[in-house]
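A.B. asks: here is my input, please return the structure:
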Amino acid sequence: MTNGNAATGLRDLNAGIPDAAQLKGAVSAVYDDVASWSRTGDFWNWGMHCPELLNELNGLRPNFNAGVSDGFSEQLYFQTLRGLPYTANDFRTLKVLEVGCGMGEGLNFLTRLIDPARAVGLDISGAAIRRANAILARGDRLTYVEGDAESLPFEDGEFDLVINVESSHNYPDVEKFFREVARVLKPGGHFSIIDVFDPRSNQRFRSSLQQNVTEFDWIAERDVTENVKSAIRQRMAPGSFFRKEYARKQMPLRARIIGGLNGAHYAGADFIGHKDTLSKVLELARIRTKFVGEYESYRHHLARRG
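C.D. replies: Numbers count the residues shown, from 1 in each chain. Sure, this is the predicted structure:
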């Protein structure tokens, strides 16, 4: 999603909703709901597991996840910085925007790693933004704003770096989002996007977005599908940090139904082809919509604003 990963739940709710305004309303409603039961230290997305990335992250911030998380979501956020042409000193001068920040935990984590001059998180969920500002905001250095990814409430050229993590697949008009990112980026600024793709969205990304949004030079791509699947499998294992935390949550019945047994649906079980008995029964009874997206890959793309 980011933050609390209701992404799979959103895909369920998105089925059969053709109108963009209705779709955005559904997205906002789900995240508002998640904000009511999510806790600090929750997983924020499907996560990824990469030993090389983990070693580098531990070198920068030893024991970064000790007692508070399983570290997979942090690795996915750290991946957004890979390939960027910035030194540690460069990062401290940047103005950074995250679009689709959820409850802000991921951006908060990144800012404590790179200490940018200013960081702003934007999300369509008012409840998520209120929670982020109440718990995580740090004066002018880290703030959170409610807003629409397709109509960003910022000035032209306001940011040096825009990131987007496991979020854009929920946007009705991704090309409009890309154009807005190009608008708010300074010339020479960078766009780092990491998300899940089905065959149709992957083809559209390559044949439409990369060609039609001419303000960007696409400079790098990394397929992290197996790394993401590894994190999901580890979260679903008996006795995992994720399973223990999920069991402790005080969640409404509706959220439990969407989450499935041990929260497998939230954790991305469908992406690895796992289907527990409860999920099958709920789908047959139409209590929960069948998983809509036939997602095939998870990719990180980097672009430079011309």
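
A.B. asks: find the helix or strand that Val145 is a member of.
C.D. replies: strand 142-146 (DSSP states H and E).

A.B. asks: what's the next secondary structure element after that strand?
C.D. replies: Following strand 142-146 toward the C-terminus (DSSP H and E): strand 159-165.

A.B. asks: now do that next one: which elements does it pack against?
C.D. replies: Contact here means 3 or more C-beta pairs under 8 Å, 6 or more residues apart in numbering; DSSP states H and E; on that basis strand 159-165 packs against strand 95-99, helix 105-114, helix 174-184, strand 185-197. The C-beta positions use only the backbone N, C-alpha and C, and glycine is treated the same way.

A.B. asks: in the third one, what's buried?
C.D. replies: Within helix 174-184, the residues that qualify as buried are 174, 176-182, 184, counting by 16 or more other C-beta atoms under 10 Å.

A.B. asks: please apply the same query to the longest one.
C.D. replies: Of all the residues in strand 185-197, those buried under the rule 16+ other C-beta under 10 Å are 185, 189-197.

A.B. asks: what's it packed up against?
C.D. replies: strand 159-165, strand 297-305.

A.B. asks: these: which one's closest to Arg233?
C.D. replies: Smallest distance to Arg233 across those (C-beta to C-beta): 13.7 Å, for strand 297-305.

A.B. asks: could you pull up the mean pLDDT of that closest one?
C.D. replies: If you average the pLDDT over strand 297-305, you get 97.

A.B. asks: does Leu94 touch Asp160 like I think?
C.D. replies: Yes. Leu94 is within contact range of Asp160, at 4.2 Å (criterion: C-beta atoms under 8 Å).

A.B. asks: so where's the stretch 1-150 of the chain shaky on pLDDT?
C.D. replies: Applying pLDDT under 70 to the stretch 1-150 of the chain picks out residues 1-18, 22-43.

A.B. asks: kindly recompute the last result at 90.
C.D. replies: 1-44, 66-68, 127 (pLDDT under 90).

A.B. asks: the stretch 151-300 of the chain too?
C.D. replies: Using pLDDT under 90, the stretch 151-300 of the chain drops low at 169-170, 172, 199-213, 245-267, 270, 273-295.

A.B. asks: how near is Arg243 to Ala237?
C.D. replies: 8 Å (C-beta to C-beta, to the nearest Å).

A.B. asks: with Val99 instead?
C.D. replies: 32 Å.

A.B. asks: do Ser167 as well
C.D. replies: If you go by C-beta to C-beta, the gap between Ser167 and Ala237 works out to 26 Å.

A.B. asks: and those two? Which one has more around it.
C.D. replies: Ser167 (27 against 11; other C-beta atoms under 10 Å).

A.B. asks: count of neighbours near Ser297?
C.D. replies: 17.

A.B. asks: what of Asp198?
C.D. replies: 15.

A.B. asks: what of Ala21?
C.D. replies: 9.

A.B. asks: for it, helix, strand, or coil?
C.D. replies: For Ala21, the assignment made with DSSP: H, G, I helix; E, B strand; the rest coil gives helix.
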